[in-house]
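Engineer: need a structure here:
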Amino acid sequence: MFGQLKAQAPDKILALMGEFRADTRQGKIDLGVGVYKDPTGLTPVMRAVKAAEQRIWEAETTKSYTALAGEPAYLAAMSRMVLADTLDEGRTAALSTVGGTGAIRQALELARIGNPDLTVHVSNPTWPNHVSILQFMGLPHVEYRYFDDATRGVDFEGMKADLARAKKGDLVLLHGCCHNPTGANLTLDQWREVSAILDKTGAVPFVDLAYQGFGDGLDEDAAGTRLIVGAAPEALVAASCSKNFGIYRERTGVLLAKVETPAARDLAQGTMAYLNRQTYSFPPDHGARIVQTILDDAELAADWKAELEEVRLGMLALREQLAGELRSLTGTDRFDFIAAHRGMFSRLGASPEQVKKIKDDNAIYMVGDSRLNIAGLNRDSVPILARAIVEAGV
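Structural biologist: Next comes the predicted model:
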């Protein structure tokens, strides 16, 4: 049986991480892996997370299973955080998942059950794992234009034209904020236009909200998601707690499914619980308990929001610094898009050859499409990167 196994293509980002670890040069800089790092290069445990874990440890009396769909208090807290006053509880089913990636996979499984002729529309570019999962599941997908290589912004006219071709019942996968890999986001007015297009075509929005709080603020980053879910008769949202709570290894996520009626909500909820049972049975609980403990306690929630805001503002400061260094070195404003982008990532627009030159000459690692992780920088490494970008002829 196992003689039929074939070697799988390695994940490019994971392969890059291995290459970085093997590099013995002093002062090497990792801008490839999509993990937040503080100025010392560590991914810290947030203060509120430590406090919540202490409370859980002291109060917990059992390690027995929770519900198939996950802890109800966690699902309620996350639903409120993501959708706020646009949450329609009578029409929204919720599922605790193994990280945001698990939420994406369960969403696609749910959509395929609901529509066996499903086609998924994904942005060009998108997070590579979106396409990898779709291909593994054998789900048809098509790209819609998103990033303008000339302006390093959103190609909104191209996006609208492509989305207008979606069919009723198709899924349109949208990045809720902090677009990965480009960092280029839709404005709220553009979200309204996308919502109108989906309403006209009958396609269903599917929002991947992996970075809420990393862009313009906790509520601001969810504004597009809330607008489009509030207006749509049906919608899916996959949200991750890895970044904004810093609990990457706890694998904590949630899937929200808005449907047309309370009866359909009950059917969706049962189907989602069934999907959990068929994949990993009961979802992991520790990360969910941490999140629920923080969100349901005013003091912990305030401290978490304050630290999250420090993280967000720190990344914005690095963006401004890098754009300023490049403006000074080039005498032009052609890199100002870096300051306009949001979240952890920006796509420089460098060729694979230029990315390789930056790595070979300066031990600075970024993904081959020139996606760089802003959070991998600090005030001292920004000038080094800026000089490397200019010397590579980007």
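Engineer: find me the pLDDT at residue 266, would you?
Structural biologist: pLDDT, residue 266: 97.
Engineer: just residue 102 next, same as before
Structural biologist: Listed pLDDT for residue 102 reads 98.
Engineer: equivalent analysis for residue 57, please.
Structural biologist: pLDDT, read off for residue 57, is 97.
Engineer: quickly find the element holding it.
Structural biologist: helix 47-59 (DSSP states H and E).
Engineer: tell me which other helices or strands that helix touches.
Structural biologist: Contacts defined by 3 or more CB pairs under 8 Å, 6 or more residues apart in numbering; DSSP states H and E place helix 47-59 against helix 286-295, helix 298-330. C-beta: built from backbone N, CA, C; applies to glycine.
Engineer: which among the ones you listed is found nearest to residue 183?
Structural biologist: Nearest of the helices and strands packed on helix 47-59 to residue 183, taken as CB to CB: helix 298-330 at 8.6 Å.
Engineer: and the closest one, what does it pack onto?
Structural biologist: helix 47-59, helix 286-295, helix 337-340, helix 381-391.
Engineer: which residue is nearest the centroid of this protein?
Structural biologist: Centroid-nearest residue in the chain: residue 210, 2.7 Å away (criterion: CA atoms, centre = their mean).
Engineer: surely residue 349 and residue 369 touch.
Structural biologist: No. Between residue 349 and residue 369 there is no contact under CB atoms under 8 Å: 9.4 Å.
Engineer: if we can go back for a sec, how close does the residue nearest to the centre of the chain get to residue 70?
Structural biologist: For residue 210, the distance to residue 70 (CB to CB, to the nearest Å) stands at 18 Å.
Engineer: hang on, the earlier thing: mind saving the C-alpha coords of the next helix-or-strand element following the helix holding residue 57 as CSV?
Structural biologist: Remark: after helix 47-59, the chain's next helix or strand is helix 72-83, criterion DSSP H and E. Presented in CSV, the C-alpha positions along helix 72-83 are these (Å, rounded to 0.1, in the frame of the first residue of the first chain):
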residue,chain,number,x,y,z
PRO,A,72,-20.7,27.5,23.9
ALA,A,73,-19.2,30.5,25.9
TYR,A,74,-16.2,30.6,23.5
LEU,A,75,-18.4,30.5,20.4
ALA,A,76,-20.6,33.3,21.8
ALA,A,77,-17.6,35.5,22.7
MET,A,78,-16.0,35.0,19.3
SER,A,79,-19.2,35.6,17.4
ARG,A,80,-19.6,39.0,19.3
MET,A,81,-16.0,40.0,18.7
VAL,A,82,-16.2,39.3,15.0
LEU,A,83,-19.7,40.4,14.0
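Engineer: helices or strands up against the helix or strand of the chain with the lowest mean pLDDT?
Structural biologist: Across the helices and strands of the chain, mean confidence by mean pLDDT, DSSP states H and E is lowest for helix 12-22: a mean of 87. Packed against helix 12-22 by the contact rule (3+ CB pairs under 8 Å, 6+ apart) you find strand 364-365.
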